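Asker: Using only what follows, build the 3D model:
(one chain, ligands or ions: 1)
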Amino acid sequence: MADDLRVDRMTEKQAREELARLAELLGEANAAYHRDDAPVMSDAEYDRLRQRNAAIEAAFPALKRADSPSEQVGAAPAEGFGKISHSERMLSLGNAFEADEVREFDARVRRYLNLGPDAALDYTAEPKIDGLSLSLRYEEGRFVQAATRGDGQVGENVTANARTIGDIPDRIEGAPDILEVRGEVYMSHADFEALNARQAERGDKTFANPRNAAAGSLRQLDAEITRARPLRFFAYAWGALSEPLAETQMGAIERLSELGFVTNDLTRLCDGAEEMLAHYETIEQMRATLGYDIDGVVYKVNALALQARLGYRSTTPRWAIAHKFPAELAWTRLEAIDIQVGRTGALSPVARLSPVTVGGVVVSNATLHNEDYIAGRAASGEAIRGGKDIRVGDWVQVYRAGDVIPKIADVDLERRPEDAEPYRFPETCPECGSEAVREEGDAVRRCTGGLICPAQAVEKLRHFVSRAAFDIEGLGAKQVEQFFADGWIAEPADIFTLESRFGSGMKQLKNREGWGEKSAENLFAAIEARREVALSRLLYSLGIRHLGEVAAQDLARHYQSWEALVEAVDLARPAAQAHRAGEEAAEAERAAAAAEGRGARVSEARARARSERDVPEDAQAAWDDLVAVDGIGPVLALSLSEALANPEERAAIDRLVGKLARIVPPEARAEDSPVAGKTVVFTGTLEKMTRDEAKARAEALGAKVSGSVSSKTDLVVAGPGAGSKAKKARDLGIEMIDEDAWLALIGDA
Ligand code: IVH
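Answerer: Numbering: from 1, shown residues only. Alright, predicted model coming up:
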């Protein structure tokens, strides 16, 4: 764990800065977990950050942010599903980690209710299911609607999917006219393993853990996919009701069970904190044999009248708390450090461990992140683990919380073998021997071998056939790896010549385990079909660093054709090179200034300007246009430019493009808009909107917005102060209008 500054020794400035950092970190973690089903940190780390945030807020109440993470639950709903406003908010729970925090919870409840420490006070204690919460609405006994939690106020409408879940009854008898049942959707261990085995067999994505599998399965746009996934549901709470279910929590749970819902049979009544803690122990001991994931125990005040008196504070009830299980830790020996090479050439160190059981799972690998991490430094240069480095032969503490890849939490220096040497991170690629370099500001060292590096080639192929890229049915990661190992394909273009090279005989493939005549034929048909591909998929498939799915779509929308994009990037190259040289010169200035203990602002800017002189005007215009595309910055533009300038990579891309029949431009999003497909330039001052707003609006209407006027420009929108661009437009005879005329044209006046 990081060595945090003690809250009571913080200055206001430090507190403000850390609250900002925590708001950002937790915001990202929330979105990753709740919206994208792809957690970026362990639950334990998440809880730690939230606690830290709360501690700082308690010490500096005036600094609490408007977007404070302590006021937020979950994340806004994802696109793709209809939205449902919860008639009653779906809440989160406060957390306790230690027995004393549970005693404190009990004491708080008693104080609030004015009950003495010895007065009888019943709580329910039940497992905290590690799934995702769901709210089911029944009207007159019929199931009418299901919604995910979303951000607690608005969730996603997953009614069609929920209908396919066996534990969710379609009709119930004897229920209140309006009944919202809340509970947890989850997947059992056995079902999870069988699902992953099926997925792997088909070359489909496997899930990291049952929770992700449950979330991914519930949130399928096609309910038939959900039907094929073995989801289950435990009911443990309720929302809107036309009449009460019972007088107590326990009574309500029993009533839900009578109505036909599955409730958890480890729910017990406990009088006071010590009984709750005893039941916690019992549940913790049963954890490994339950057959489904739980991450703690939830305690709730039993009497509903007392729950009503206790009420809520912002997003959590005062009458309940989640007692979480601790992160799971174990000590073991680090046997070796292996280096894996990824698609972009990143060298990732992996710890090979003497196998050890951590929370019921045998762990033999852990991530080591990068060379700084091994050396005991964070990216910022600060010490981590108190500055202790990690060496082969060390005893290390392995940490596994929830689903995340195991990590190393600590090193035991007392048990370090005398001959253990500091780890030397390789400076050449272990796969191809090319030089591995680490650029300024990058935590990662990368192989420079490009496609001659077999590890990069295979990763690039895996990426090429992935879902958002070429997504060729029957050709998943497993198959491309096999074909690569057999020497059948070395690069994407080879996929398109498989049939002509093997087709006639087809024997090699047909006789291969897992392939028959039919599946071979299907594969070739699927490959054939992909000779027509969307421009955005093609761009994404190239596996260029920083070029993700969204950026690929942005580029496709802006340039509309492969040729136009390549032409623009090639034209902009002198400016890209100058930008790179400028960055390097500025970096050198920074280093020199730091060594001399002076500021570098001015000399840095000068160094940049020097390098960026003498760039031809059309190259500069093309570069400016590229970096002005929404979502594309200089880092991505540079990476794209350099990929297309690398002779081997360019040749491989050209070979691939040569195999394609048609690269389909994105559909203009508003075909009937008067500006769809037009190239528009905004110049001068806009008075009714910002430049960014104007650009976004125009692009939403299917226009391409460019930063410079050329013979390809269709329309110039000129505000006051328009100078050289307006002149150039006049010289070229291009239509020019003012802002009001533009608004009238697009119907926004
Ligand atoms: S009660 C107002 N009971 O944990 C309180 N929640 O961290 C409503 N959860 O959003 C929640 N098992 O998704 C409750 N037995 C249980 C639970 C449970 C799992 C989840 C639920 C909630 C989250 C809070």
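Asker: shouldn't A23 be in contact with A66?
Answerer: No: the pair A23 / A66 is not scored as a contact, 9.6 Å apart, by CB atoms under 8 Å. Where C-beta positions appear, they are placed from N, C-alpha and C, glycine not excepted.
Asker: Looking at these two, which has the bigger crowd around it?
Answerer: Remark: of A23 and A66, A23 carries more neighbours, 18 against 6, as counted by other CB atoms under 10 Å.
Asker: Spell out which residues of the stretch 301-450 of the chain are next to the ligand.
Answerer: Contact residues, the stretch 301-450 of the chain versus the ligand (CB under 6 Å from any ligand atom): P317, A320, A322.
Asker: okay, and for the stretch 451-600 of the chain, where does confidence drop off?
Answerer: 503-508, 510-511, 591, 594-595, 597 (pLDDT under 70).
Asker: For the residue of it found nearest the ligand, which non-adjacent residue is closest in space?
Answerer: Per CB to the nearest ligand atom, R467 is where the stretch 451-600 of the chain lies closest to the ligand, at 28.0 Å. Leaving aside its sequence neighbours, R467 sits nearest to K205 (CB to CB, 6 or more residues apart in numbering; 7.2 Å).
Asker: For this protein, give the strand that spans the most residues.
Answerer: If you go by DSSP state E, the chain has its longest strand at strand 328-341.
Asker: Quick check: buried residues in the helix ranked longest in the chain?
Answerer: In the chain, with assignment by DSSP state H, the single longest helix is helix 573-596. Using 16 or more other CB atoms under 10 Å as the test for burial, helix 573-596 gives 573-579, 582-583, 585-587, 589-590, 593.
Asker: Stretch 373-382 too?
Answerer: Buried residues in stretch 373-382, defined by neighbour count with 16+ other CB under 10 Å: Y373, I374, A375, G376, R377.
Asker: Could you say which helix or strand holds the second one?
Answerer: Read it as I374. Under the criterion of DSSP states H and E, I374 resides in helix 371-375.
Asker: for that helix, the distance to its chain's centre please.
Answerer: Relative to its parent chain, helix 371-375 has a centroid offset of 24 Å by CA atoms, centre = their mean, to the nearest Å.
Asker: Which part of the stretch 251-400 of the chain gets nearest to the ligand, residue-wise?
Answerer: When scored by CB to the nearest ligand atom, the stretch 251-400 of the chain has V298 as its residue closest to the ligand, at 4.2 Å.
Asker: hmm, back to that, ok, the residue of the stretch 451-600 of the chain closest to the ligand - how many residues close by?
Answerer: For R467, the count of nearby residues is 11 (other CB under 10 Å).
Asker: Assign it to helix, strand or coil.
Answerer: Per DSSP: H, G, I helix; E, B strand; the rest coil, the local secondary structure of R467 is coil.
Asker: so the residue of the stretch 251-400 of the chain closest to the ligand sits in a helix?
Answerer: No: counting by three-state DSSP, one finds V298 to be strand, located in no helix.
Asker: Now do the contacts for it.
Answerer: Counting by CB atoms under 8 Å, 6 or more residues apart in numbering, V298 makes contact with L93, A125, E126, P127, K128, Y236, A320, I321, A322, H323.
Asker: Make TSV from the residues you listed and add neighbour count to it.
Answerer: Shown next, in TSV, are these (neighbours: other CB atoms under 10 Å):
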residue	neighbour count
L93	19
A125	23
E126	24
P127	26
K128	22
Y236	24
A320	22
I321	27
A322	18
H323	25
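Asker: What's opposite the nearest residue to T357 once chain neighbours are set aside in the beta bridge?
Answerer: Spatially, and ignoring its direct neighbours in sequence, T357 is nearest to A330 (6.9 Å; CB to CB, 6+ apart). In this entry, A330 is beta-bridged to V398, by DSSP bridges.
Asker: how many other residues sit next to A330?
Answerer: By other CB under 10 Å, neighbour count at A330 equals 17.
Asker: need the contact list for it.
Answerer: Counting by CB under 8 Å, 6+ apart, A330 has contacts V356, T357, V358, V363, Q397, V398.
Asker: name the element the nearest residue to N53 once chain neighbours are set aside belongs to?
Answerer: In space, and not counting its chain neighbours, N53 is closest to L22: 4.4 Å by CB to CB, 6+ apart. Element membership for L22 (DSSP H and E) is helix 12-30.
Asker: buried sites along the next helix or strand after that helix?
Answerer: Per DSSP H and E, helix 12-30 leads on to helix 43-59 as the next helix or strand towards the C-terminus. Neighbour-count burial for helix 43-59 flags 43-50, 52-54, 56-57 (criterion: 16+ other CB under 10 Å).
Asker: Flag every residue of this structure that's near the ligand.
Answerer: 91-93, 126, 128-129, 133, 184, 236-237, 298, 317, 320, 322.
Asker: Now do the SS call for the closest residue to F524 other than its chain neighbours.
Answerer: Closest residue in space to F524, ignoring its immediate chain neighbours: E499 at 4.5 Å, by CB to CB, 6+ apart. Here E499 is recorded as helix under three-state DSSP.
Asker: Would you confirm that E499 contacts A525?
Answerer: No: E499 is beyond contact range of A525, at 9.4 Å (criterion: CB under 8 Å).
Asker: Helix or strand next in line after the helix or strand of the chain with the lowest mean pLDDT, which one?
Answerer: Ranked by mean pLDDT, DSSP states H and E, the helix or strand of the chain with the weakest confidence is helix 507-510, at a mean of 68. Remark: after helix 507-510, the chain's next helix or strand is helix 517-529, criterion DSSP H and E.
Asker: contacting residues for the spatially closest residue to E335 that is not a sequence neighbour?
Answerer: If the residues on either side of it in the chain are set aside, E335 comes closest to R352, at 4.8 Å by CB to CB, 6+ apart. R352 is in contact with L334, E335, A336, I337, D338, S364, N365, counting by CB under 8 Å, 6+ apart.
Asker: repeat that with 6 Å
Answerer: E335, A336, D338 (CB atoms under 6 Å, 6 or more residues apart in numbering).
Asker: Output these as JSON lines; include the columns neighbour count and pLDDT.
Answerer: JSON lines is the format used below for the contacts of R352 (neighbours: other CB atoms under 10 Å; pLDDT from 0 to 100):
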{"residue": "E335", "neighbour count": "14", "pLDDT": "95"}
{"residue": "A336", "neighbour count": "10", "pLDDT": "97"}
{"residue": "D338", "neighbour count": "13", "pLDDT": "96"}
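Asker: Export those residues as JSON lines, with columns for distance to Q285.
Answerer: Formatted as JSON lines, the contacts of R352 follow (distance: CB to CB, whole Å):
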{"residue": "E335", "distance to Q285": "31"}
{"residue": "A336", "distance to Q285": "35"}
{"residue": "D338", "distance to Q285": "36"}
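Asker: And the helices in the stretch 251-400 of the chain?
Answerer: Secondary structure of the stretch 251-400 of the chain (DSSP state H, counting those that start in this stretch): helices located at 273-286, 304-310, 371-375.
Asker: Pick the most buried one from those helices.
Answerer: Among the helices of the stretch 251-400 of the chain, the stretch with the highest mean neighbour count (mean count of other CB atoms under 10 Å) is helix 371-375, at a mean of 18.
Asker: could you dump that one to CSV, C-alpha only?
Answerer: Output of helix 371-375 as CSV, limited to C-alpha atoms (Å, rounded to 0.1, in the frame of the first residue of the first chain):
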residue,chain,number,x,y,z
GLU,A,371,10.6,-1.8,-14.0
ASP,A,372,9.9,1.1,-11.6
TYR,A,373,7.5,-1.0,-9.6
ILE,A,374,10.1,-3.8,-9.2
ALA,A,375,12.6,-1.2,-8.1
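Asker: Regarding the closest residue to the ligand within the chain, what is its secondary structure?
Answerer: Residue nearest to the ligand within the chain: S133 (3.2 Å; CB to the nearest ligand atom). At S133, secondary structure determined by three-state DSSP is strand.
Asker: Now for it: which residues touch it?
Answerer: R149, E184.
Asker: For it, give its distance to A420.
Answerer: Between S133 and A420 the computed distance is 47 Å (CB to CB, to the nearest Å).
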